[in-house]
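A.B. asks: return a 3D structure for these sequence lines:
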Amino acid sequence: MTSAQSLQPVGERGWRQGLANLMRKENDQWWRTRRWWIQSLLWLLVINGSLAVGLWLVPVVEPDLKLDTALAYEFFVQMMAWFPMFAVIVIAQGAIISEKQSGTAAWVLSAPISRESFILSKLFANALGFFVTIIALQGTVAYIQLSLYGGMLLPVGPHLAVLGLFSFYLLFYLALTLMLGSFFDTRGPVLGIAIGVAIASMRGIGSLFSGYAPWLTQILPEALPIQAHAVATEKALPADWTVSVILGSAYSILFVALAIRRFKREEF
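C.D. replies: Next up, the predicted model:
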């Protein structure tokens, strides 16, 4: 909860006005509550726990099902592509709407705080929280598991490339969800639209039309996990990886710009 003592006078001007205070408030919701360790533990169980079962338990029970390191790494990439985006959507879907419904947004914006800062603080703080608990932590633990399983260290460069691609992937869904939160006043449309996009991406909807329009797969959000999978199997970035990263970044920037534009029109 925001208190009068948590907001301190700062010297920012223009669009940055109040950004430091709002960042402090948003970061507190991650790092001074149970959220950070709940998210960390949840994804350790879902992603690395599932990986551990495949690596260490299954070979004991069924020796014939022992995975090689390459297949195990592909499994890790698939887990990262399927589940974390739903965590981003579920957590971020209330970031703006809950404050609009409770009146907190109107109270905060009655102070000398820009609406750009309101949106950007939620983007930056949540992006950091998801990066630490999902990308960095899960990627590090998976790297240790897979290296121990294979008896040698995995190549660091390709692994960092995979984690980088998934960072852009989760940023896409974070920016999309925040934008939807600025347009709607209830959670239903935000969850419905964001999850609809995620499911369409998971089902490879772009691949259905790739024979008629090969470029279509590259412009959809699924391009980023597809590139990550290519790195996992070929141990190198595909030649067209920059297209996916640039487009993913452009979508995120567009979503944030639309969120700010829409939020400026809100009357509090």
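A.B. asks: in the stretch 1-150 of the chain, which spans are strands?
C.D. replies: Ranges of strands in the stretch 1-150 of the chain, per DSSP state E, counting those that start in this stretch: none exist.
A.B. asks: might you list the low-confidence residue ranges for it?
C.D. replies: 1-13 (pLDDT under 70).
A.B. asks: 90 instead, please
C.D. replies: 1-18, 58-68, 82-83, 100-113 (pLDDT under 90).
A.B. asks: now the helices for it?
C.D. replies: Ranges of helices in the stretch 1-150 of the chain, per DSSP state H, counting those that start in this stretch, are 19-31, 35-43, 50-52, 58-61, 69-82, 84-92, 97-102, 104-109, 115-130, 137-150.
A.B. asks: among these, which is nearest Ala175?
C.D. replies: Of all those, it is helix 115-130 that lies closest to Ala175, at 6.7 Å by CB to CB. Placement of C-beta: from N, CA and C, glycine included.
A.B. asks: that closest one to helix 19-31, inter-axis angle?
C.D. replies: Orientation check (axes from the mean of the first three to the mean of the last three CA atoms, to 10 degrees): helix 115-130 against helix 19-31 gives 30 degrees.
A.B. asks: how about helix 115-130: buried residues?
C.D. replies: Within helix 115-130, the residues scored as buried using 16 or more other CB atoms under 10 Å are 115-123, 125-127, 129-130.
A.B. asks: by contact count, what packs against that helix?
C.D. replies: Packing contacts for helix 115-130, counted by 3 or more CB pairs under 8 Å, 6 or more residues apart in numbering; DSSP states H and E, involve helix 19-31, helix 35-43, helix 84-92, helix 104-109, helix 156-183, helix 241-264.
A.B. asks: any idea how far the third one is from the middle of the chain?
C.D. replies: Taking CA atoms, centre = their mean, to the nearest Å, the mean C-alpha location of helix 84-92 is offset from the chain mean by 7 Å.
A.B. asks: ok, now the fifth one?
C.D. replies: From the chain centre to the centre of helix 156-183 is a distance of 4 Å (CA atoms, centre = their mean).
A.B. asks: report the angle between that helix and helix 137-150.
C.D. replies: Using the same axes, to 10 degrees: helix 156-183 against helix 137-150 is 150 degrees.
A.B. asks: and helix 156-183, what's its mean pLDDT?
C.D. replies: Averaged over helix 156-183, pLDDT sits at 96.
A.B. asks: Thr33 and Gln39, how far apart?
C.D. replies: Going from Thr33 to Gln39 by CB to CB, to the nearest Å gives 11 Å.
A.B. asks: check Ser110 too.
C.D. replies: Ser110 is 32 Å from Gln39, by CB to CB.
A.B. asks: the more surrounded of the two?
C.D. replies: Taking other CB atoms under 10 Å, Ser110 and Gln39 do not tie; Gln39 has more neighbours (20 against 9).
A.B. asks: excluding chain neighbours, what is closest to the more buried one?
C.D. replies: Taking CB to CB, 6 or more residues apart in numbering, and ignoring the residues beside it in sequence, Gln39 has Thr133 as its nearest neighbour in space, at 4.2 Å.
A.B. asks: residues near that neighbour, how many?
C.D. replies: What Thr133 shows, counting by other CB under 10 Å, is a neighbour count of 23.
A.B. asks: same deal with the one 10 residues further on?
C.D. replies: Using other CB under 10 Å as the criterion, Tyr143 is surrounded by 19 other residues.
A.B. asks: got it, and the one 4 residues further on?
C.D. replies: A count of nearby residues for Ser147, using other CB under 10 Å, gives 14.
A.B. asks: quick one: contacts for Glu26?
C.D. replies: Contacts for Glu26 (CB atoms under 8 Å, 6 or more residues apart in numbering) come out as 121-122, 124-126.
A.B. asks: try Trp241
C.D. replies: Per CB under 8 Å, 6+ apart, neighbours of Trp241: 161, 165, 227.
A.B. asks: from the residues you listed, pick the one nearest Arg16.
C.D. replies: Proximity of those to Arg16, judged by CB to CB, is greatest for Leu165, which lies at 29.9 Å.
A.B. asks: so for the spatially closest residue to Val90 that is not a sequence neighbour, what's the pLDDT?
C.D. replies: Distances taken as CB to CB, 6+ apart place Leu191 nearest to Val90, at 7.6 Å, with adjacent residues excluded. pLDDT for Leu191: 95.
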